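Visitor: Return atomic coordinates for the entry below.
(one chain, ligands or ions: 1)
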Amino acid sequence: MPEILGTTLVDAGAPAVAGALLDTAPLVEAARAAGVELRAGKLLVEGGRVTGTRGPVLLKLTVTRADLTGVTLSGRGLSLTTDLVRTGGGTLVVDRVEWTAPGGPLGRVFDVVLGRALALRLLEARSERLVRRAGELAGARVVVGAAITRGGRLLVQQRAFPADAEGRWELPGGRVDPGEDDRAALTRECREELGADVVVGDPVGPDVPLKPDLLLRVHTAELTPDSPEPTAIEHRALRWIAPTDLDALDWLPADRALIPALRALLT
Ligand SMILES: Nc1nc2c([nH]c(=O)n2[C@H]2C[C@H](O)[C@@H](COP(=O)(O)OP(=O)(O)OP(=O)(O)O)O2)c(=O)[nH]1
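Guide: Numbers count the residues shown, from 1 in each chain. The predicted structure is shown next:
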């Protein structure tokens, strides 16, 4: 199977680079620069589909991995694997494009002249845009979310407003105010939204892009031993869900990108 490898060192932490990788815009723009029209949702999430056309050729890819370790897109005869390696000097992005060369002498010419040139153009254009997006995310404003766990279950809350989010589920949290850090903001938001006291732990999963200059960052959290029981103060309902409920829940779109990290936390 022919393959092309590429590496880029990005001067940002793995959560920001993983978040930039989840954003489909840099990939779609890079593919367009290489002559491929891609269609995908705003974020690459596990199980999601990416389709593309180059002239008469139709590409159908499935996202088989999208987490803090990188992203894999796989289809019949084509895969794009991106692994992230943390280094002292930033995050190393290791890309691998693999494809099946068409058979026969003409196929081999196509492979050498077109296939390789296309894969190289795609990787070069993507790495430029990825560096830019990771830089943007590293300086973006932050919405913090709390992955509060108890007895192997995760606390989720159902939004009561605005209209486009009403009825959908999310993690407790909110915007980090100027002068606040993530932990202080989460402690404050959990008190305001749940009437509960939490101990905030480490960040989990990628920094998920919400807007060009806004991202969602989730931290692990636990109720303090003497915390009141959480109640839905601003939300419609609360639930403690099992790992098997994660996929079927009607999440806000960005939260779906965190399912692999939340599953790992619960199992
Ligand atoms: N808290 C929270 N917000 C999320 C999640 N997923 C997600 O897309 N968001 C979005 C929804 C909102 O656009 C934004 C945060 O909104 P919010 O209403 O919780 O923030 P806030 O308490 O600071 O309120 P406001 O200043 O926006 O009025 O982040 C999530 O899991 N938890």
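Visitor: just the helices in the stretch 1-150 of the chain please.
Guide: Taking DSSP state H, counting those that start in this stretch, the helices of the stretch 1-150 of the chain run over residues 14-22, 24-33, 104-109, 116-138.
Visitor: what sits against Trp251?
Guide: Neighbour list for Trp251: Arg168, Trp169, Glu170, Ile259 [criterion: C-beta atoms under 8 Å, 6 or more residues apart in numbering]. Where C-beta positions appear, they are placed from N, C-alpha and C, glycine not excepted.
Visitor: Now distance to the ligand and pLDDT too, for these, in CSV please.
Guide: Output for the contacts of Trp251, formatted as CSV (distance: C-beta to the nearest ligand atom, whole Å; pLDDT from 0 to 100):
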residue, distance to the ligand, pLDDT
Arg168, 9, 98
Trp169, 8, 98
Glu170, 3, 98
Ile259, 12, 98
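Visitor: And the furthest pair within the residues you listed?
Guide: The distance between the two most remote of those (C-beta to C-beta) is 14.3 Å, for Arg168 and Ile259.
Visitor: Tell me which of these two has more neighbours.
Guide: Ile259 (20 against 15; other C-beta atoms under 10 Å).
Visitor: The nearest residue to that one once chain neighbours are set aside: neighbour count?
Guide: Excluding its sequence neighbours, the residue lying closest to Ile259 (C-beta to C-beta, 6 or more residues apart in numbering) is Leu246, at 5.1 Å. Residues near Leu246, counting by other C-beta under 10 Å, number 19.
Visitor: Which secondary structure element is home to the closest residue to the ligand within the chain?
Guide: Of all residues in the chain, Gly174 sits closest to the ligand, at 2.7 Å by C-beta to the nearest ligand atom. Gly174 is part of strand 173-175 when elements are defined by DSSP states H and E.
Visitor: Distance from that strand to the middle of the chain?
Guide: Mean-position distance between strand 173-175 and its chain equals 18 Å (C-alpha atoms, centre = their mean, to the nearest Å).
Visitor: just to revisit the earlier point, now for the residue of the chain closest to the ligand: which residues touch it?
Guide: Val143, Val144, Ala185, Glu189, Glu192, Glu193.
Visitor: low-scoring pLDDT stretches of the stretch 101-250 of the chain, where are they?
Guide: 104-107, 109-110, 112-114 (pLDDT under 70).
Visitor: Show me what from it comes close to the ligand.
Guide: Val143, Gly145, Glu170, Leu171, Gly173, Gly174, Arg175, Leu210, Leu216 (C-beta under 6 Å from any ligand atom).
Visitor: quick one on the thing from earlier: filter the contacts of Gly174 down to the buried ones.
Guide: Among the contacts of Gly174, those classed as buried by 16 or more other C-beta atoms under 10 Å are Val143, Val144, Ala185, Glu189, Glu193.
Visitor: out of the residues you listed, what pair is the most spread apart?
Guide: Val143 and Glu193 (12.8 Å).
Visitor: Now for those two: what residues contact both?
Guide: Contacts common to Val143 and Glu193, judged by C-beta under 8 Å, 6+ apart, are Gly173, Gly174.
Visitor: just checking, Ala257 touches Pro206?
Guide: Yes - under the criterion of C-beta atoms under 8 Å, Ala257 makes contact with Pro206 at 6.8 Å.
Visitor: And those two? Which one has more around it.
Guide: Taking other C-beta under 10 Å, Ala257 and Pro206 do not tie; Pro206 has more neighbours (33 against 27).
Visitor: Pairing partners for the helix or strand hosting that one, with directions?
Guide: For Pro206, the element it lies in under DSSP H and E is strand 198-211. Here strand 198-211 is paired, per DSSP bridges, with strand 214-223 (antiparallel).
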